[in-house]
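Chemist: Return a 3D structure for these sequence lines:
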Amino acid sequence: MKIEIWSDVMCPFCYIGKRRFEQALQQSGHQNQVEVEWKSFQLNPHIKTDPSVNINQYLADAKGWTLDYAGQMNSHVTQMAAEVGLTYNFDKAVVANSFKAHRFSHLAKSHGLGDKAEEALFNAYFTAGLNIDDTHTLIQLGTEIGLNPDEVKETLDSDKYSDDVKHDIAEAQQLGIRGVPFFVMNNKYGVSGAQAVPVFLETIEKSFAEWQLENGKSELSVIDGESCSPDGDCS
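Modeler: Residues are numbered from 1 along each chain as shown. Next up, the predicted model:
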């Protein structure tokens, strides 16, 4: 069964949602029968990368919040992240455009490393405080997850996978996705946001049960007659 996940690297709830979803999938016992595909989404496609800008100041300016309120919101999200075993360091976060990171993710996906790429990008942004719009940083991350560093550089120095990123974003718009994370299970059920583990688990199990019915092997009613088997037994 296929599960598609639209997310943005800079979305704190996407990383939290990833952990909760992973817990639910593990509890379902279907992890070996489920294909997870990550899809690109940009919360702010026009954001300019600026390592000199503090993330609290950026949020305050972008959303019209006070600086104190932005700090309080990030503190609250940090506590949520800690509950699922994640460490958020917003004081080190680098304000960056995520388009290049999404292209990197598509490259990794082409090598079967999509999930590892998402994990590496989230960790780089929220925990390590790395610039996810920096080619050198992405080459380093790519090397760590098993990509060829020369291929990563060649890809990021070109516009390769740009159309794939745009296609994902357009597909999200067609589906009416207005925010991330957004999970589409078996092309039937959508789960919006970093839901609680039981919500994910219930939807996974429901989707999987229907997928099994749709893709189950047909039972044939057999009328026996003279035939030969592969072992040479003819009767």
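Chemist: What residues of the lowest-mean-pLDDT helix or strand in the chain count as buried?
Modeler: Across the helices and strands of the chain, mean pLDDT, DSSP states H and E gives its lowest value to helix 55-63, namely a mean of 93. For helix 55-63, the neighbour count (16 or more other CB atoms under 10 Å) marks 55-56, 58-60 as buried. (Each C-beta comes from the backbone N, C-alpha and C, glycine too.)
Chemist: Need the contact partners of it.
Modeler: Outside of helix 55-63, the residues within contact range by CB atoms under 8 Å, 6 or more residues apart in numbering are 44, 65-67, 69-71, 73-74, 90-91, 93, 95.
Chemist: Only the C-alpha atoms, please, for it, written as PDB.
Modeler: Only the C-alpha atoms of helix 55-63 are listed here, as PDB (Å, rounded to 0.1, in the frame of the first residue of the first chain):
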ATOM      1  CA  ILE A  55      14.100  32.600  13.400                       C
ATOM      2  CA  ASN A  56      12.000  34.300  16.100                       C
ATOM      3  CA  GLN A  57      12.500  37.700  14.400                       C
ATOM      4  CA  TYR A  58      11.600  36.200  11.000                       C
ATOM      5  CA  LEU A  59       8.400  34.700  12.400                       C
ATOM      6  CA  ALA A  60       7.500  38.000  14.200                       C
ATOM      7  CA  ASP A  61       8.100  40.000  10.900                       C
ATOM      8  CA  ALA A  62       6.300  37.400   8.700                       C
ATOM      9  CA  LYS A  63       3.300  36.900  10.900                       C
END
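Chemist: Tell me the helix or strand right after that helix.
Modeler: Counting by DSSP states H and E, the next helix or strand C-terminal to helix 55-63 is helix 67-83.
Chemist: And the residue nearest the centre of the chain?
Modeler: Nearest to the mean C-alpha position of the chain, counting by CA atoms, centre = their mean, stands residue 38 at 4.1 Å.
Chemist: sec struct for that one, please.
Modeler: strand (DSSP: H, G, I helix; E, B strand; the rest coil).
Chemist: measure it to residue 150 for me?
Modeler: Plainly put, residue 38 is 24 Å away from residue 150 if you go by CB to CB, to the nearest Å.
Chemist: picking up where we left off before, select only the buried ones of the contacts of helix 55-63 in ChimeraX?
Modeler: In ChimeraX, this line selects whichever of the contacts of helix 55-63 come out buried by 16+ other CB under 10 Å:
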select :70,71,73,74,90,93,95
